[in-house]
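Novice: here you go, sequence then predicted model.
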Amino acid sequence: MDDLARLAALHGVATTYRPSEGVTVRVPDATVVALLGSLGVCTDTPEAVRAERMKAERAAAERLLPRVLVWWAGSAPPAEPTALPPGTRFRLEPEDDDAADAADAAGSAVGWGAAAEWRPGSGAVPPLGVHRLHAETPDGRTGTATLIVAPERAPAAPERAYGLLVQLYSLLSARSWGMGDLGDLADLARWAGRTHGIGFIQVNPLHAAVPGTPTDPSPYRPSSRRFPDPVHLRVEDVPEWADCPDREALAALASRGAALRREVLEEGALIDRDAVWELKRAALELLYAVPRTAEREAAYRAFCARQGPALDVHATWCAGRAGEDPERRADFHRWLVWLTDGQLAAAQEAAREAGMAVGIVHDLPVGVHPNGSDVFGSSLYAGHLSVGAPPDAFNARGQDWGLPPWRPDRLAATRYAPFRELLRGVFRHAGALRIDHVMGLFRLWWIPEDFPPAEGAYVSYHGEALLALLVLEAHRAGALVIGEDLGTVEPGVRRELARRGVLGTSVLWFERDWAGDGEPLPPGAWRADCLATATTHDLPPSAARLAGSHVELRDRLGLLTRPVEEERADDAADTARWLDALAELGFDTKGEEAAVTALYGFLLRTPARLVGVWLPDAVGDRRPQNLPGTWDQYPNWRLPLADAAGRPLTLEELTASPRANALLSAVREGARARTAPPGARLV
């Protein structure tokens, strides 16, 4: 191995990758040099590379302790480093906020509130949490490690629960101001839980967006993953609404909000997030001026204190430099976060009161917008880089998501505090958390600025540490964890995630006997620890897939890489294989509604613990919410829920829809009648 490759390995930069079994691709040297440069490593000359390699090797050899030690409760403790001389003393400094967890680890001692003698390999069990371990040798050398003590597994999923997969902005009710809101989410939860026994509702990311002209509509490129977006507020549910003296102004804004709703539902307009926010912000400005009760003021101040400096940074970024009173503007944005947090809590409470076993499943994107509040003033992010995905069977050019990555070295230097705070924020009102591109806990595909996506490289993170923190915070919240593990996955990652209780994601059309003939995988051969779905927000709805209309859409937009006739033929043959597999299991596939119901009946025959129904499938909507590979050619993230004819539907029409009620009733009955399928085989 040459100096550059050895230096790259020391900094977690891979010089090769394997897109498929038996295939190894070498990363261009220019990519390696660019990525090392982003980590502050000088690679200007061969001599500089050699010097940096020797410096990194010397630093690693001189460390008394690893940077991070992970102890899974119930497993053997981490071993004491063998290179330490006899007589080395250890001291454990527990975190203050972990004292309450002292009784969580079996056999743990209480009274860990102050630094205590403790050494790796000893029988004493520290409390669950993130601690500092100090070592001092007899000759005065010192070292420090982060010790993460985590439960063995995340909270277990129920044996079987079924739910809805919803893009909240697309679900407008008779009270919405032009897009779905948190009041609509609570109402959907009440109906779905009480009428159909739904166990969960998974929503798109609800994080704060980056204002723009227009705002980037993608919920997967937020300004912040820590704080929610007040555009989702049901403004009339803010308590100060009833006490606002300017009733005429509020009524006028509500009337304009109703007009926005009519434009979407009756006139075919796209969802206009900016227009919605303009009205809501004006109404919220009026409500902010209303004196709060002493009780609400105390609750608000306590919330701000709990959120700490991170909320101040976010609010300052939102306020910008406009206005005569910057602190008042920042306080307004802190208040908006507090209001939104309260309505998120109310939605989860509505789900639980409706009898849902899980409740609301929130979605955590893999990164943030480069111009957002999380990046503002932060040194954690690597500059002039973005993350994405290498070329694979679904995208021969690779993908660039335009999201700056966290630097692994600087994240570790903070003892992973930003990641821990992020998780605590999103778990606050979640019955479960979906982690987009969960493989990113272990490595991310970094792409240097001005390089094509295919010329990126994988950069490693301390995957065990990040996974342990995820499991720890899920345990504290009592919430499930679902990992989106589609695409290229490093060997062993799925196994490790499953071992720690993180559910995977299995999409029907991708579940094949890839080691054999590529035929649909029989239901009995599916994994149990997963969320099983028929489709996702990035794929065609089931009706479109069955009819082949997604091929026609891609042809109209010039996205096909082969003649349309070939695409049609291959797609029709693939659909026929699935329909044949369904028929062999006794499902009725005659007609679109019957075939869609059969797809979900198939999912219920699998051992999957969670089965998700894509909400557009319930009403026959044929349009994807997002069409990867497009920007202005297609209205990504701006379409309201619609019926099979493309007519937008309100929440009230959804709940009264015979088609939707028939599908959800069939799903409920299928879940009740589930039996082990005959002829199951494992591959």
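Specialist: Structure's in. What do you need? Computed from a predicted structure; not experimentally measured. Residues are numbered from 1 along each chain as shown.
Novice: contacts, neighbours, all on C-alpha from now
Specialist: OK.
Novice: which secondary element of the chain has the worst mean pLDDT?
Specialist: strand 116-117 (a mean of 70; mean pLDDT, DSSP states H and E).
Novice: toward the C-terminus, what is the element adjacent to it?
Specialist: Next along the chain after strand 116-117, taking DSSP states H and E as the criterion, comes strand 129-136.
Novice: hey, what's the residue positioned nearest the centre of the chain bridged with?
Specialist: Per CA atoms, centre = their mean, the C-alpha nearest to the average position across the chain is that of residue 364, at 2.3 Å. Legend: beta-bridge partners of residue 364 under DSSP bridges are residue 435.
Novice: make 43 the starting number, not 1.
Specialist: Fine by me, first position is 43 from now on; the one you just mentioned is residue 406.
Novice: got the phi/psi numbers for the residue nearest to residue 630 when sequence neighbours are not counted?
Specialist: Spatial nearest neighbour of residue 630, chain neighbours left out: residue 636 (6.1 Å); criterion: CA to CA, 6 or more residues apart in numbering. Phi and psi for residue 636, reported as degrees, to the nearest 10, are phi -60, psi -40.
Novice: does residue 636 touch residue 624 like I think?
Specialist: No - using CA atoms under 8 Å, residue 636 makes no contact with residue 624, being 11.0 Å away.
Novice: low-confidence ranges, the protein, go.
Specialist: 43, 138-158, 165, 364-366, 435-436, 716-725 (pLDDT under 70).
Novice: rerun that using 50 as the cut-off
Specialist: 140-155, 717-725 (pLDDT under 50).
Novice: select the longest helix from it.
Specialist: When the chain is parsed with DSSP state H, its longest helix is helix 368-395.
Novice: just checking, what packs against the host helix or strand of residue 644?
Specialist: Here residue 644 sits within helix 634-647, counting by DSSP H and E. Secondary-structure packing of helix 634-647 (3 or more CA pairs under 8 Å, 6 or more residues apart in numbering; DSSP states H and E): strand 572-575, helix 584-589, helix 606-626, strand 652-656, helix 700-714.
Novice: apply 10 Å and report the result again.
Specialist: For helix 634-647, the elements it packs on are strand 572-575, helix 584-589, helix 606-626, strand 652-656, helix 657-661, helix 700-714, judged by 3 or more CA pairs under 10 Å, 6 or more residues apart in numbering; DSSP states H and E.
Novice: what residues does the shortest one touch?
Specialist: Right, the one you point to is strand 572-575. With contact meaning CA atoms under 10 Å, 6 or more residues apart in numbering, strand 572-575 is reached by 199, 203-207, 476, 523-527, 540, 543-551, 553, 568, 641-642, 645-646, 648-656.
Novice: how about stretch 557-565, which residues are buried there?
Specialist: Within stretch 557-565, the residues that qualify as buried are 562, 563, 564, 565, counting by 16 or more other CA atoms under 10 Å.
Novice: any chance of these in TSV, with secondary structure too?
Specialist: TSV is the format used below for these (DSSP: H, G, I helix; E, B strand; the rest coil):
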residue	secondary structure
562	strand
563	coil
564	coil
565	helix
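Novice: so the residue lying closest to residue 53 once chain neighbours are set aside: helix, strand or coil?
Specialist: Leaving aside its chain neighbours, residue 53 sits nearest to residue 78 (7.6 Å; criterion: CA to CA, 6+ apart). The local conformation at residue 78, judged by three-state DSSP, is helix.
Novice: residue contacts, residue 78?
Specialist: Residue 78 neighbours (CA under 10 Å, 6+ apart): 46, 49, 50, 53, 54, 55, 72, 84, 85.
Novice: and residue 419, by the same measure?
Specialist: Residues near residue 419 by CA under 10 Å, 6+ apart: 355, 359.
Novice: picking up where we left off before, mind checking how far the residue nearest to residue 53 is from residue 654?
Specialist: 41 Å (CA to CA, to the nearest Å).
Novice: ok, residue 644 next?
Specialist: From residue 644 over to residue 654 the distance is 12 Å, taken as CA to CA.
Novice: overlap in contacts of the two?
Specialist: Shared contacts of residue 644 and residue 654, counting by CA under 10 Å, 6+ apart, come down to residue 576.
Novice: returning to what we had before: any chance of the helices and strands packed on helix 634-647 in a markdown table, plus mean neighbour count and distance to residue 278?
Specialist: Conversion of these to a markdown table gives the following (neighbours: other CA atoms under 10 Å; distance: least, CA to CA, whole Å):
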| stretch | mean neighbour count | distance to residue 278 |
| --- | --- | --- |
| strand 572-575 | 26 | 35 |
| helix 584-589 | 22 | 36 |
| helix 606-626 | 15 | 46 |
| strand 652-656 | 25 | 29 |
| helix 657-661 | 25 | 26 |
| helix 700-714 | 18 | 29 |
